[in-house]
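> A predicted structure for the sequence below; I have some questions about it.
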Amino acid sequence: MEVLPLVALVAGCAVVAGLARRTPVPAPLLLVAAGLAAAYVPGVPEYGLDPHIVLPLLLPPLLYTAAVDSSYLDLRANLRPVALLSVGYVLFATVVVGYAAYLMVPGLSLPVALVLGAVIAPPDAVAATAIARKLGLPNRITTILQGESLVNDATAITAFKVALAAAVGASAGWADGIQEFLLASVGGVAVGLLLMVPIHVLRKRLREPLLQNTLSLLIPFVAYAAAERVHASGVLAVVVVALYLGHRNWQVDFATRLQEEAVWKMVAFILESVVFALIGLQLPVVLQGLGEYEGAAAAGYAVVVFLVVVAARFAWVFPATFLPRLSQRIRTREPETSWKAPVVVGWAGMRGVVSLAIAFSVPDGVPHRNLILFLTFTTVIGTLVVQGLTLPPLIRLLRLPPKDTHAETLAEAQAQSEASQAAEDRLTELLASPANALPPPLADRLRTVMERRRNAVWERLGEVNAVTGESADDVYRRLAGEMIAAEREVFVSLRDARRIDDEMLRALLRRLDLEEAAAYREEAG
């Protein structure tokens, strides 16, 4: 692809995603709609979805950033529901959707129908994470959806390879399929386990943030390529490495963490925006070559497959939620749940770009390939539009309990208080040594900064300013910002008057930027 169309794609996606932040509609939906509209604008080039680019180049960093931001402890606590969805549901959906297509489409063989089932079985990692983050779902539901989306691609890709081998006559039977599935899953986890500790040790020993971030950008591709090289699951390898590194990220120096967070936010923003726009842009490609399936027949197949996909998820989610709870051990270990949680989980099964990429990887010689592409595309669009648009009102209708922000703030304040007490004890111990002697103003400054951190969270629980409606913490940050802005203007005026040079200006402004970052806590969302 030429450079200019690629730049135009990224720029257009960034604009649409930025506009989406000003609307109640999740960004993925607007990006898909924009892609559908742009696909028929004269002069817009054809953006083909090459599986050799999406799977090895776009999927690893998206999985990596989602897994790093996930909680290993929360995922471990919800391992049973995550496994039932990411493995059990994907295999169930593959069989149910495939068999339904086999019964519905004349001349469609069962192995080819199972290829279709495997292609559209996995809900999308990017869609689930983006919409869950936008809606502010309860923590346990968000953890389950994110955990499912991190692992289910590995299940679906492996099931797809097995079904495709059967469709082209290259498989000896179900035993070979089970063997390949075990090799891919166990091998992917093993590769991740082998790589995670050496990579983490290297991250700790590299003290240069630029080198650290270069390594960080390479990690998902290295893990994915290493696993695929031995015919294991690259998806699982990336997820295992990312969960381990995210869990131990506190052991990396602060400069690397700050820079890494900014880098990965930008990468995730660009890639997520592009992949959803690419979904809509595939419409002309998908409609080409439908042949005998054009018209009402193809539309009827699309509606039936969409309905089967939705029904199959509910048919799996409700029994998978409540049947295990017949066990006293599971009821004791896991929190109580109502029918509302499985309704949300069942309706949140949006499909995405991975399904389309897998569909485009079906070889040209496979019968009914164009129909597989069309049904995959319509299912992806249908789930994103129908379920994506109706999920927010459904959550409001169900009146799910919101996050207890007061309890979270209280827990944060208590944690900060304990940490500040430890810091104060350590400071007293250090200042008692002649080797750490400091002038009283500097020692008082250390104590003031420490006390400021201790009080900042408690102040969010206190009364608000009667005039502005701000908490004491908000007022402090606003005044600190005004003071820093005044300093910044003076520095710039001194540079313009040639009393300091640009290099000194950059050093002074960086110092102010760090102070401003310390004064302003990052807002969630």
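Right, received. Where do you want to start?

> what are the ranges of the helices in the stretch 1-150 of the chain?
With DSSP state H, counting those that start in this stretch as the criterion, the stretch 1-150 of the chain has helices at 3-20, 27-38, 51-53, 59-68, 72-77, 79-83, 90-104, 110-119, 125-135, 139-167.

> In a markdown table: the ones you listed, plus distance to Ile330, mean pLDDT and mean neighbour count.
Quick note: C-beta positions are derived from backbone N, CA and C, even for glycine. Output for the helices of the stretch 1-150 of the chain, formatted as a markdown table (distance: least, C-beta to C-beta, whole Å; pLDDT from 0 to 100; neighbours: other C-beta atoms under 10 Å):
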| stretch | distance to Ile330 | mean pLDDT | mean neighbour count |
| --- | --- | --- | --- |
| helix 3-20 | 40 | 88 | 15 |
| helix 27-38 | 34 | 88 | 21 |
| helix 51-53 | 39 | 83 | 13 |
| helix 59-68 | 26 | 90 | 24 |
| helix 72-77 | 12 | 89 | 14 |
| helix 79-83 | 7 | 93 | 17 |
| helix 90-104 | 20 | 95 | 20 |
| helix 110-119 | 29 | 94 | 27 |
| helix 125-135 | 24 | 64 | 23 |
| helix 139-167 | 14 | 88 | 24 |
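
> Now those helices in TSV, please, with extra columns for distance to Glu208.
Shown next, in TSV, are the helices of the stretch 1-150 of the chain (distance: least, C-beta to C-beta, whole Å):
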stretch	distance to Glu208
helix 3-20	28
helix 27-38	34
helix 51-53	31
helix 59-68	20
helix 72-77	27
helix 79-83	37
helix 90-104	42
helix 110-119	43
helix 125-135	31
helix 139-167	30
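
> Nearest to Glu180, out of those helices?
With C-beta to C-beta as the measure, helix 139-167 is the member of the helices of the stretch 1-150 of the chain nearest Glu180 (5.7 Å).

> Next, the angle helix 110-119 makes with the closest one.
150 degrees (axes from the mean of the first three to the mean of the last three C-alpha atoms, to 10 degrees).

> Select, out of the helices of the stretch 1-150 of the chain, the one closest to Arg369.
Once these are compared by C-beta to C-beta, helix 110-119 is nearest, at 8.8 Å.

> which residues does Val239 contact?
Leu63, Ala67, Leu150, Val151, Ala154, Gly192 (C-beta atoms under 8 Å, 6 or more residues apart in numbering).

> Excluding sequence neighbours, find me the nearest residue to the fourth one.
Yep, that's Val151 we're talking about. Ser86 (3.8 Å; C-beta to C-beta, 6 or more residues apart in numbering).

> what's the closest residue in space to Ile279 that isn't next to it in sequence in contact with, if anything?
Once flanking residues are discounted, Ile279 sits nearest to Val32: 5.2 Å by C-beta to C-beta, 6+ apart. Contact analysis of Val32 by C-beta under 8 Å, 6+ apart lists Phe276, Ala277, Ile279, Gly280, Ile381, Leu384, Val385.

> Report the rounded mean pLDDT for the helix or strand hosting the third one.
Element membership of Ile279, judged by DSSP states H and E, is helix 254-281. Across helix 254-281, the average pLDDT comes to 88.

> Now that helix: buried residues?
Buried residues in helix 254-281, counted by 16 or more other C-beta atoms under 10 Å: 256, 260, 263-264, 267-269, 271-281.

> quick one, strands of this protein?
Remark: strands of the chain are absent; assignment by DSSP state E.

> do you know how far the residue nearest the centre of it is from Ile500?
Against the mean C-alpha coordinate of the chain, by C-alpha atoms, centre = their mean, the closest residue is Ala66 at 3.4 Å. To Ile500, Ala66 is 44 Å away according to C-beta to C-beta, to the nearest Å.

> Also Ala223?
Taken as C-beta to C-beta, the span from Ala223 to Ile500 is 47 Å.

> try Pro319
70 Å.

> surely Ser185 meets Leu236?
Yes - here Ser185 lies in contact with Leu236, judged by C-beta atoms under 8 Å, at a distance of 6.4 Å.

> which neighbours do those two share?
Applying C-beta under 8 Å, 6+ apart, one finds that Ser185 and Leu236 are jointly contacted by Ala154.

> Looking at these two, which one has more neighbours?
Neighbours per residue (other C-beta atoms under 10 Å) separate Ser185 from Leu236, with Leu236 holding more: 28 against 19.

> Now do the contacts for the more buried one.
Val151, Ala154, Ala184, Ser185, Gly188, Val189, Val191, Gly192, Ala227.

> cutoff 6 Å now
Ala154, Gly188, Val189 (C-beta atoms under 6 Å, 6 or more residues apart in numbering).

> Phe360 too?
Residues in contact with Phe360 (C-beta under 6 Å, 6+ apart) are Leu49, Pro51.

> Kindly report the same for Ile53.
Contacts of Ile53 were listed using C-beta under 6 Å, 6+ apart, and none were found.

> any idea how far the residue lying closest to Thr23 once chain neighbours are set aside lies from Val189?
Of all residues not flanking Thr23 in the chain, Leu30 sits nearest, at 7.2 Å (C-beta to C-beta, 6+ apart). Separation of Leu30 from Val189 (C-beta to C-beta): 37 Å.

> same deal with Arg313?
As for Arg313, its distance to Val189 is 26 Å (criterion: C-beta to C-beta).

> Name the residue in those two with the higher neighbour count.
Shown here are Arg313 and Val189; by other C-beta under 10 Å, Arg313 has more neighbours (25 against 18).

> Can you report how many residues lie near the closest residue to that one other than its chain neighbours?
Leaving aside its sequence neighbours, Arg313 sits nearest to Gly349 (C-beta to C-beta, 6+ apart; 4.6 Å). Per other C-beta under 10 Å, the neighbour tally for Gly349 reads 28.

> what's the answer for Ser355, then?
25.

> Am I right that it is in contact with Thr376?
Yes - with contact taken as C-beta atoms under 6 Å, Ser355 and Thr376 are classed as touching, separated by 5.5 Å.

> Could you report the pLDDT at the closest residue to Val162 other than its chain neighbours?
Spatially, and ignoring its direct neighbours in sequence, Val162 is nearest to Gly177 (3.8 Å; C-beta to C-beta, 6+ apart). Gly177 is assigned a predicted lDDT (pLDDT) of 72.

> again, but for Val457
Looking at Val457, its pLDDT stands at 66.

> Use 46 as the first number from now on
Sure, I'll start counting at 46 from here, so that last one is Val502.

> Look up how far Ala211 lies from the nearest residue to Phe351 once chain neighbours are set aside.
Of all residues not flanking Phe351 in the chain, Gly427 sits nearest, at 4.3 Å (C-beta to C-beta, 6+ apart). According to C-beta to C-beta, Gly427 and Ala211 sit 27 Å apart.
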